[in-house]
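**Student:** no FASTA, just this:
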């Protein structure tokens with residue numbers, strides 16, 4: 001498979017009116033309420049509808065669109081897309097995977113497809129014509145029709161779109177589908193385009209343009225960025241391997257990320273995606289990018305950064321994660337899994353499933369064993385609600401903030417006692433009882449630390465952890481541990497004993513609320 005960027009989707013934004021003949025002769029798209037209905041009667045109109053059904057213009061893609069009946073009228077059901085394999089011997093498995101994925105995914109949602117429309121989209125290679133592309137892909141179209149037939153879901157139309165023209169694999173009528181193909185209409189000029197604009201449906205260009213925002217640099221500045229990563233790598237990796245210094249690296253990374261996000265939020269707007277990315281790249285220094293990329297390799301730091309997922313924080317956070325993914329140049333390509341996963345998560349959280357799927361698929365391409373990306377990619381493809389993950393991250397963020405305030409209060413109390421002792425006053429106005437309370441807190445902290453060390457020593461290597469990551473203070477969302485009911489007198493934060501590779505030691509079924 002060339003990618004795993006998109007699986008079945010629950011979208012339903014179209015109708016088929018009247019009895020369906022052997023081919024998709026009359027398909028209509030309608031909006032909610034009393035909005036006007038748009039009828040699609042010809043292969044040309046079906047070809048023009050594809051970008052509006054997906055929200056982008058597919059390239060090098062197999063696309064299936066399910067059709068199902070409801071109350072005597074058909075509706076567009078789920079959509080599925082897969083890259084066209086470069087080798088013909090892989091076509092059969094790709095067709096089977098895509099057809100079975102769409103049909104079984106639709107069945108899980110209680111809407112089994114009754115018919116299917118297939119699209120093959122690929123531009124000609126140098127020296128090749130669009131018609132030659134159509135003939136070369138004809139066996140793939142036949143495999144799709146056979147796979148659908150084995151599941152009793154007939155393909156009512158199969159189209160090849162290439163070089164600004166389309167061909168039908170199901171129609172031999174030279175009057176409507178000549179052998180030289182039919183020119184595609186200009187984008188945005190059809191009745192469907194006008195209806196989609198009225199309904200607020202946007203076509204975001206091609207997947208290639210979307211991926212370009214997340215791909216590593218290949219121009220001259222990439223060498224400077226690689227030198228910055230090499231320079232920062234030795235220092236930061238050694239600190240991440242030291243339990244006593246990992247918390248300091250986390251705080252440094254998150255503080256720097258907040259400063260850069262503020263800088264991005266204050267930047268003037270730019271028109272167009274390329275201009276936006278150039279503006280953001282100019283606002284992020286090489287050394288800053290290196291520090292952030294390496295710091296996010298720590299799983300706990302990454303999970304804390306994932307909390308910037310909504311409100312005013314979401315947009316600058318998404319821009320920062322995109323910019324960091326572009327800075328993972330040369331031998332640091334695998335490091336892109338962290339910023340790509342964060343970009344996919346924020347995009348999903350704000351409702352942009354298209355970018356979410358692409359970013360998460362690219363994260364898995366950078367590191368196939370990256371558990372956080374795998375769980376999010378699966379959840380996004382299955383149409384789950386990201387609110388459960390947001391709720392978990394909100395809880396961890398709140399508990400972390402409460403713990404920080406409590407530790408700050410304990411530190412202020414210790415400073416006041418020291419000042420009183422210097423003035424010759426008793427260090428504790430509460431007498432022996434207050435002194436005993438302080439000793440109890442200190443002893444509990446030491447005992448808790450010893451217990452944590454014992455647990456760490458007894459933990460089996462490669463232990464599987466599928467629950468959401470604990471906050472820095474060691475508590476789980478929604479629970480309170482007796483040993484942590486009072487802040488430790490020392491004010492020292494627990495650092496834990498986690499490795500520096502996020503998500504690579506966990507496996508299993510996705511837990512509710514995230515990783």
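**Tutor:** Great, that's in hand. Note that the structure is predicted; figures quoted are calculated from it, not measured.
**Student:** Low-confidence stretches in the stretch 351-500 of the chain?
**Tutor:** 411-500 (pLDDT under 70).
**Student:** ok, 50 please
**Tutor:** 427-500 (pLDDT under 50).
**Student:** all helices of the stretch 51-200 of the chain, in order?
**Tutor:** 91-108, 130-136, 138-150, 191-199 (DSSP state H, counting those that start in this stretch).
**Student:** Show me what the third one is packed up against.
**Tutor:** The contact analysis (3 or more Cβ pairs under 8 Å, 6 or more residues apart in numbering; DSSP states H and E) places helix 138-150 against strand 61-70, helix 91-108, strand 115-121, strand 155-162. (C-beta placed from N, C-alpha, C; glycine too.)
**Student:** okay if I get those as a markdown table plus distance to residue 301 and mean neighbour count?
**Tutor:** Shown next, in a markdown table, are the helices and strands packed on helix 138-150 (distance: least, Cβ to Cβ, whole Å; neighbours: other Cβ atoms under 10 Å):
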| stretch | distance to residue 301 | mean neighbour count |
| --- | --- | --- |
| strand 61-70 | 36 | 22 |
| helix 91-108 | 35 | 19 |
| strand 115-121 | 40 | 25 |
| strand 155-162 | 44 | 25 |
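**Student:** picking up where we left off before, residue 384 is nearest to which of the helices of the stretch 51-200 of the chain?
**Tutor:** helix 91-108 (11.8 Å; Cβ to Cβ).
**Student:** And for that closest one, what's in contact with it?
**Tutor:** For helix 91-108, the external contacting residues (Cβ atoms under 8 Å, 6 or more residues apart in numbering) are 1, 7-8, 62, 64, 66, 68, 77-80, 82, 84-85, 112-113, 116, 139-140, 143-144, 146-148, 151, 153, 382.
**Student:** Buried ones among the residues you listed?
**Tutor:** 7-8, 62, 64, 66, 68, 77-80, 82, 84-85, 112-113, 116, 140, 143-144, 147-148, 151, 153 (16 or more other Cβ atoms under 10 Å).
**Student:** so residue 48 is in which element?
**Tutor:** helix 43-54 (DSSP states H and E).
**Student:** And that helix, what does it pack against?
**Tutor:** Against helix 43-54 (3+ Cβ pairs under 8 Å, 6+ apart) you get strand 27-30, strand 61-70, strand 73-83, strand 115-121, strand 155-162, strand 165-168, strand 182-183, helix 191-199.
**Student:** per-residue confidence averaged over stretch 44-56?
**Tutor:** Mean pLDDT, computed over stretch 44-56, is 84.
**Student:** Name the residues of it that come out as buried.
**Tutor:** Residues of stretch 44-56 classed as buried under the neighbour-count rule (16+ other Cβ under 10 Å) are 44-56.
**Student:** Same question for stretch 285-294.
**Tutor:** Within stretch 285-294, the residues that count as buried by 16+ other Cβ under 10 Å are 286, 288-294.
**Student:** cool, and stretch 168-187?
**Tutor:** So stretch 168-187, judged by 16+ other Cβ under 10 Å, has buried residues 168-171, 177, 181-182, 184.
**Student:** for stretch 275-284, same thing?
**Tutor:** 276-277, 279-280, 283-284.
**Student:** Is it possible to get TSV of those residues that adds secondary structure, pLDDT and distance to residue 355?
**Tutor:** Shown next, in TSV, are the buried residues of stretch 275-284 (DSSP: H, G, I helix; E, B strand; the rest coil; pLDDT from 0 to 100; distance: Cβ to Cβ, whole Å):
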residue	secondary structure	pLDDT	distance to residue 355
276	helix	94	13
277	helix	95	13
279	helix	96	18
280	helix	96	15
283	coil	96	21
284	coil	96	19
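**Student:** and those residues, which two are the farthest apart?
**Tutor:** 276 and 284 (13.0 Å).
**Student:** For the stretch 51-200 of the chain, which residues score under the pLDDT cut-off?
**Tutor:** Those would be none, if you go by pLDDT under 50 across the stretch 51-200 of the chain.
**Student:** again, only using 70
**Tutor:** For the stretch 51-200 of the chain (pLDDT under 70), the answer is 70-74, 187-190.
**Student:** any idea how far residue 61 is from residue 182?
**Tutor:** 20 Å (Cβ to Cβ, to the nearest Å).
**Student:** Under a three-state scheme, what state does residue 281 occupy?
**Tutor:** helix (DSSP: H, G, I helix; E, B strand; the rest coil).
**Student:** Touching, it and residue 326? I think so.
**Tutor:** Yes: applying Cβ atoms under 8 Å as the test, residue 281 and residue 326 come out as touching, 7.0 Å apart.
**Student:** before we move on, back to that, so which pair among the buried residues of stretch 168-187 is furthest apart in space?
**Tutor:** Among the buried residues of stretch 168-187, 170 and 184 lie farthest apart (Cβ to Cβ), at 17.9 Å.
**Student:** now the helices for the stretch 201-350 of the chain?
**Tutor:** Ranges of helices within the stretch 201-350 of the chain are 207-212, 221-241, 243-265, 273-282, 286-295, 299-305, 314-326, 337-349, based on DSSP H, counting those that start in this stretch.
**Student:** burial of residue 323, as a residue count?
**Tutor:** Burial of residue 323 is recorded as 25 neighbouring residues (other Cβ atoms under 10 Å).
**Student:** pretty sure it is touching residue 280, no?
**Tutor:** Yes: with contacts counted by Cβ under 8 Å, residue 323 reaches residue 280, the gap being 4.9 Å.
**Student:** With distance to residue 200 added, can I get the helices and strands packed on helix 138-150 in TSV?
**Tutor:** Formatted as TSV, the helices and strands packed on helix 138-150 follow (distance: least, Cβ to Cβ, whole Å):
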stretch	distance to residue 200
strand 61-70	21
helix 91-108	25
strand 115-121	24
strand 155-162	25
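**Student:** Skipping adjacent residues, who's closest to residue 236 in space?
**Tutor:** Ranked by Cβ to Cβ, 6 or more residues apart in numbering and with sequence neighbours excluded, the top spatial neighbour of residue 236 is residue 294, at 4.3 Å.
**Student:** Look at the one you found and report its pLDDT.
**Tutor:** 96.
**Student:** got the contact list for it?
**Tutor:** Per Cβ under 8 Å, 6+ apart, neighbours of residue 294: 229, 232-233, 236-237, 240, 335.
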